[in-house]
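Asks: Just to be clear, the model below is a prediction. Sequence and coordinates:
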There are 2 protein chains.
Amino acid sequence: MAVTIADVARHAGVSIKSVSNYLNDYPFMSDAMRARIAASVEALDYKVNASARGLRLGRTGAISLVVPELAQPYFAQLAEDVVVRAEHHGLHVSIEMTGADPQRELAYLAGDRGPQVDGLIMHAVGLARTSGEVTELRYPTVLIGDEIAAEGCDFVTMAHEAAAAAAVGYLAARGRTRIVALGAERETDAPSGARLRLDGYRGGLEDAGLAAAPELLVPAGLWRIGSGRQAIEALIDAGVEFDGVVGFNDSLALGAISALAHAGLDVPGDVSVIGFDDIDEAPFASPPLTTADPSRHVLAQTAVDMLVERIEGESGPARRVEAPFHIVERASA
Amino acid sequence: MAVTIADVARHAGVSIKSVSNYLNDYPFMSDAMRARIAASVEALDYKVNASARGLRLGRTGAISLVVPELAQPYFAQLAEDVVVRAEHHGLHVSIEMTGADPQRELAYLAGDRGPQVDGLIMHAVGLARTSGEVTELRYPTVLIGDEIAAEGCDFVTMAHEAAAAAAVGYLAARGRTRIVALGAERETDAPSGARLRLDGYRGGLEDAGLAAAPELLVPAGLWRIGSGRQAIEALIDAGVEFDGVVGFNDSLALGAISALAHAGLDVPGDVSVIGFDDIDEAPFASPPLTTADPSRHVLAQTAVDMLVERIEGESGPARRVEAPFHIVERASA
DNA sequence: CTGTTAGCGCCTTCAA
DNA sequence: TTGAAGGCGCTAACAG
């Protein structure tokens, strides 16, 4: 069996309580005692047992971040931001993946999956596309990105609609008239991020006095670079004419650029492409990707901070925060 | 306070032991009892307390995966592979980041950081560059990718050297004579993956009868796309001539392609570029990236399987497995 | 400043 | 098949 606090106490010739005090940085302790205990901890290679402490305190010191998939650069980069901020609060982050499966998302929210934590941050893409209320919440929870019906959850979102409209406007201002919405969903009932971006796209078109054309609404399954590439290839093969693409995320936009290059089309000469997210790779594409930046850092930081407040007992009504966006001009549009 | 096993027992009118049996799928139980308990669990929304169970059993059901940074696509994608395989064993994965800082890597190995788990998988880039032995290991541990001196650890690696040599050979066979090693380290004492790739590069050069030139060894800090871009830009600015680049990972190679495109150089016409990893984005670059694929899936799967064996008591000597590699031919070289 | 003690929720003997 | 009791390692009263 592992070495316990009692072993340390015995070794140091002090009481268990003193060791516990030491471990928890109790301020009123003689330096001599502190040093003696430190030496014993070192000598015995003692480590606190997190299960025992967690059982006792009813707290684990960890939160979960639940995202659809890490292989999407946006989520990987968001995860880094969340980890950094959580560390700032002395919290540890457990990262979980759902594959955008609503069942798995529900299971995480209900606490039936994943490790025991003190709170949860989730970007629920799958549930956002379904409608239906989530009632079972095991932990203090902050939802990010996509809104779902869950009572009492704080929600940190981005300017899906305004940013998408601005992206369309950006292309329209450059004379583009046949603009593809890459990532548009077929089923648009629930107010998911995808749906809001589509609404923004439509609004942007209208503002610019452009007609909406159903063949320019192209869905893309999971928003990966490969899906974007395939979708645009199919569009070209189908003979659909277009001179602009709004990728509903950067991976999709990058896939579009790849397909366009493959087809021998010039970006932005023949087709302008604009993305959404401003992932780290965006500046390095050929051409560098113009994109709508929804302030990933702000989102991550706000979500963590709000969750910490909830964990510490804040019990006010559900809050809703929207991170600002801006268009990052580069060369693809 | 949360609902406990005792509450469930009371609600169902059975003993605590029976509830415990139910929770642990004890086979000898009447269906009626099982159903009754299930109903109570449902009614009370009971969740087992992982801390208590962990304390009692001395096991958490989780493992940690420790990598330098998630924003590198390779590690994000590796993480997905590990999560999928771990799930197959009923294990949960906690993902941790070190920023390639040797101190943090040590802390994870010693169990001074991160959540309590049953085992650890680590890709220790920072420590691999340092030399020195790691003696404090809190958990059963499997090292992946880069080798470090740690007694008794299983180790799953990739064909760093052979793959790098093959990459150089691939370029040489296409008539390239001035080949850059992008990601080459200045300090090359410890047998890190970076060092082995450099060794392979040198061997490949020699096999091809090509001279090594110190100005073609270019370091790149963290192996991100931005570092690759910067390094190659600097090389061009410095007036160094070269007609091939071996990126020590794909992000670096992609950065090289970006720099080359920016400088108006044709890939592979003027300069051939080959990468290492075969990340998901590689096929979608312009041009599509030729790369050495070190079998990420095999590596992830093997590492998880070996760790599970260790957790389950396997106590044989440290094992060492090398995943195979092959060159994926695309258009950049 | 330091020591003693009572659980936190769960699983597992042991006995029935 | 079920019930009672003990203890995993830790912290927070409560005394001293």
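Replies: On my side now, so go ahead.

Asks: Would you agree A:Ile232 is in contact with A:Gly255?
Replies: Yes: A:Ile232 lies in contact with A:Gly255 (C-beta atoms under 8 Å); the separation is 6.8 Å. Just so you know, the C-beta spots here come from the backbone N, C-alpha and C atoms, and that holds for glycine as well.

Asks: Tell me if I'm right that A:Glu96 and A:Glu69 touch.
Replies: No: assessed by C-beta under 8 Å, A:Glu96 is found out of contact with A:Glu69, at 10.7 Å.

Asks: and these two? which has more neighbours close in?
Replies: Neighbour count, other C-beta atoms under 10 Å in any protein chain shown: between A:Glu96 and A:Glu69, A:Glu96 has more, with 24 against 21.

Asks: Figure out the helix or strand that that one lives in.
Replies: Taking DSSP states H and E as the definition, A:Glu96 sits inside strand A:92-97.

Asks: residue boundaries of the strands in the stretch 1-150 of chain A?
Replies: Using DSSP state E, counting those that start in this stretch, the strands of the stretch 1-150 of chain A run over A:62-67, A:92-97, A:119-122, A:141-144.

Asks: hmm, I was thinking of the stretch 201-333 of chain A
Replies: A:217-218, A:244-247, A:272-276, A:290-293, A:320-323, A:326-328.

Asks: Buried residues of the fifth one, list them for me.
Replies: With burial defined by 16 or more other C-beta atoms under 10 Å in any protein chain shown, the residues of strand A:320-323 counted as buried are A:Val321, A:Glu322, A:Ala323.

Asks: Which one of those residues is nearest to A:Pro294?
Replies: The closest of the buried residues of strand A:320-323 to A:Pro294 turns out to be A:Ala323 (C-beta to C-beta; 6.1 Å).

Asks: measure that closest one to B:Asp81 for me?
Replies: Per C-beta to C-beta, to the nearest Å, A:Ala323 is found 31 Å from B:Asp81.

Asks: Any idea how many residues pack against A:Glu105?
Replies: A:Glu105, neighbours per other C-beta under 10 Å, totals 26.

Asks: from what I can see it touches A:Ala124, true?
Replies: Yes: in this structure, A:Glu105 is within contact of A:Ala124 by C-beta under 8 Å, at 4.7 Å.

Asks: shared neighbours of these two, which are they?
Replies: A:Val66, A:Thr98 (C-beta atoms under 8 Å, 6 or more residues apart in numbering or on different chains).

Asks: Flag every residue of chain A that's near DNA strand C.
Replies: Residues of chain A lying near DNA strand C by C-beta under 7 Å from any atom of the strand: A:14-18, A:21, A:28-30, A:32-33, A:52, A:55-56, A:58.

Asks: which of those residues are the two that sit furthest away from each other?
Replies: The largest separation in these, counting by C-beta to C-beta, is between A:Ala32 and A:Gly58 at 33.4 Å.

Asks: okay, these two: which has more neighbours?
Replies: Counted by other C-beta under 10 Å, A:Ala32 and A:Gly58 do not tie: A:Gly58 has more neighbours, with 11 against 8.

Asks: pLDDT at the more buried one, what is it?
Replies: Predicted confidence (pLDDT) at A:Gly58: the value is 85.

Asks: and stretch A:254-269, how far out from the chain's middle?
Replies: Relative to the centre of its chain, stretch A:254-269 is centred 28 Å away, using C-alpha atoms, centre = their mean, to the nearest Å.

Asks: just stretch A:33-40 next, same as before
Replies: For stretch A:33-40, the distance to the chain centre is 43 Å (C-alpha atoms, centre = their mean).

Asks: just stretch A:314-328 next, same as before
Replies: 14 Å.

Asks: Can you give me the end-to-end span of that stretch?
Replies: Using C-alpha to C-alpha, to the nearest Å, one end of stretch A:314-328 lies 36 Å from the other.

Asks: again, but for stretch A:186-193
Replies: Start-to-end span of stretch A:186-193 (C-alpha to C-alpha) is 13 Å.

Asks: Just give me the neighbour total for the residue of the stretch 151-300 of chain A found nearest DNA strand C.
Replies: Residue nearest to DNA strand C within the stretch 151-300 of chain A (C-beta to the nearest atom of the strand): A:Gly152, separated by 22.4 Å. Close neighbours of A:Gly152, defined as other C-beta under 10 Å, add up to 12.

Asks: got the contact list for the nearest residue to it once chain neighbours are set aside?
Replies: In this structure, A:Gly152 finds its nearest non-sequential neighbour in A:Ala318, 5.1 Å apart by C-beta to C-beta, 6 or more residues apart in numbering or on different chains. Contacts for A:Ala318 were tallied using C-beta under 8 Å, 6+ apart; they are A:Glu151, A:Gly152, A:Cys153, A:Asp154, A:Phe155.

Asks: Okay, helices next: where are they in the stretch 101-250 of chain A?
Replies: Taking DSSP state H, counting those that start in this stretch as the criterion, the stretch 101-250 of chain A carries its helices at A:102-110, A:125-129, A:160-173, A:193-207, A:225-237, A:250-262.

Asks: Next one: A:Leu106, what pLDDT does it get?
Replies: Looking at A:Leu106, its pLDDT stands at 93.

Asks: Measure how buried A:Ala263 is and give me the count.
Replies: 14.

Asks: Tell me who's in contact with it.
Replies: A:Ala263 neighbours (C-beta under 8 Å, 6+ apart): A:Glu233, A:Ile236.

Asks: got it, and A:Arg34?
Replies: A:Tyr22.

Asks: how far away is it from A:Gln77?
Replies: Distance, A:Arg34 to A:Gln77, using C-beta to C-beta: 41 Å.

Asks: Chain A - how does it break down into domains?
Replies: Listed domain ranges for chain A are A:5-48, A:62-158+A:296-324, A:160-293 (source: automatic domain parsing).

Asks: Among the ones you listed, which one carries the weakest average confidence?
Replies: When I compare the domains of chain A, domain A:5-48 is least confident, with a mean of 86.

Asks: end to end, how far does that domain reach?
Replies: Domain A:5-48 end-to-end distance (C-alpha to C-alpha) = 8 Å.

Asks: how far does that domain sit from the chain's center?
Replies: Distance, centroid of domain A:5-48 to centroid of chain: 41 Å (C-alpha atoms, centre = their mean).

Asks: Likewise for stretch A:142-153?
Replies: Counting by C-alpha atoms, centre = their mean, stretch A:142-153 comes out at 13 Å from the chain centroid.

Asks: Tell me if I'm right that A:Ala211 and A:Ile179 touch.
Replies: No: A:Ala211 lies out of contact with A:Ile179 (C-beta under 8 Å); the separation is 10.4 Å.

Asks: Now list whatever residues contact both of those two.
Replies: A:Leu205.

Asks: out of those two, which sits in the more crowded spot?
Replies: Higher neighbour count among A:Ala211 and A:Ile179: A:Ile179, with 26 against 9, using other C-beta under 10 Å.

Asks: nearest residue to that one other than its sequence neighbours?
Replies: A:Gly244 (3.9 Å).

Asks: Ok, A:Ala12 next?
Replies: A:Ser40 (3.9 Å).

Asks: Could you do A:His89 as well?
Replies: A:Val308 (5.1 Å).

Asks: Check A:Pro191 too.
Replies: Nearest to A:Pro191 is A:Glu147, by C-beta to C-beta, 6+ apart, at 5.7 Å.

Asks: quick one, phi/psi of that neighbour?
Replies: phi -90, psi 140 (degrees, to the nearest 10).

Asks: who in the stretch 1-150 of chain A is up against chain B?
Replies: Taking C-beta under 8 Å from any C-beta of the partner chain as the contact definition, the stretch 1-150 of chain A meets chain B at A:1-2, A:45, A:47, A:49-52, A:54-55, A:58, A:60, A:62, A:69-71, A:73, A:76-77, A:79-80, A:83, A:92, A:94-95, A:97, A:111-112, A:114-116, A:136, A:138.

Asks: now for the strands of the stretch 1-150 of chain A, which one comes closest to B:Gly264?
Replies: strand A:62-67 (38.8 Å).
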